[in-house]
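>>> What follows is a predicted protein model with its sequence.
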Amino acid sequence: MFDFGWAEILIIGAIALFVIGPKDIPAIAYQVGKFFRRIKYMQYALTGQFDDFMAKAEIKENPKEPKEELDHDPMDEAEADADLLEMMPLPNKETEESKEKKDDS
C-alpha cells in the first residue's frame with residue numbers, strides 16, 4: 001500500500017524532529033502506537049464477530065443430522081481389551097520379588 005524506503009522514513013523523522021521537537025516525540029509516538037493498537041483490536045473484534053455470524057448462518061442452513069447408532073457391542077470391546085492384555089505381558093510380582101532376592105544375595 002505505502003511504499004516507503006529508508007530514505008523517506010528518515011526524511012519524515014527529520015521533519016517531525018524539527019516541527020514537534022525532541023521532547024514531545026516520545027509522547028506522540030506513544031499516542032500513535034496506542035491509536036494503531038486500537039485499530040488492530042477493532043479489526044480483530046469485527047473479524048471474530050463476522051466469523052461467529054457466518055458459523056451460525058451455516059449451522060442454520062445445514063443442520064447436522066443426528067449421529068448414527070454405533071454398530072458394535074460394548075462386550076466386544078471388553079473381549080478385545082482382554083485379548084490385548086493377554087498379548088502384552090505385564091510385570092509379574094513374583095518375578096520382581098525373585099529379582100530382589102537375587103540382588104540381596
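Received, thanks.

>>> only C-alpha atoms for contact and neighbour calcs from this point on.
OK.

>>> show me where the chain has helices.
6-20, 25-61, 74-87, 93-104 (DSSP state H).

>>> For this structure, give me the ranges with low pLDDT.
1-2, 63-77, 84, 87-105 (pLDDT under 70).

>>> do that again at 90, thanks
The chain contains residues with pLDDT under 90 at 1-6, 9, 12-14, 16-26, 28-29, 32, 48, 51-105.

>>> contact partners of stretch 45-62?
Under the contact criterion Cα atoms under 8 Å, 6 or more residues apart in numbering, stretch 45-62 has no outside partners.

>>> Likewise for stretch 34-43?
The list of residues contacting stretch 34-43 from outside it, by Cα under 8 Å, 6+ apart, is empty.

>>> Flag every buried residue along it.
Buried residues in stretch 34-43, counted by 16 or more other Cα atoms under 10 Å: none are found.

>>> got the CA positions of that stretch in PDB?
Provided in PDB are the C-alpha atoms of stretch 34-43 (Å, rounded to 0.1, in the frame of the first residue of the first chain):
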ATOM      1  CA  LYS A  34      -1.900   3.400  21.000                       C
ATOM      2  CA  PHE A  35      -4.100   4.500  18.100                       C
ATOM      3  CA  PHE A  36      -2.900   1.800  15.800                       C
ATOM      4  CA  ARG A  37      -3.300  -0.800  18.600                       C
ATOM      5  CA  ARG A  38      -6.900   0.200  19.000                       C
ATOM      6  CA  ILE A  39      -7.400   0.000  15.200                       C
ATOM      7  CA  LYS A  40      -5.900  -3.500  15.200                       C
ATOM      8  CA  TYR A  41      -8.100  -4.600  18.100                       C
ATOM      9  CA  MET A  42     -11.300  -3.300  16.400                       C
ATOM     10  CA  GLN A  43     -10.200  -5.200  13.300                       C
END
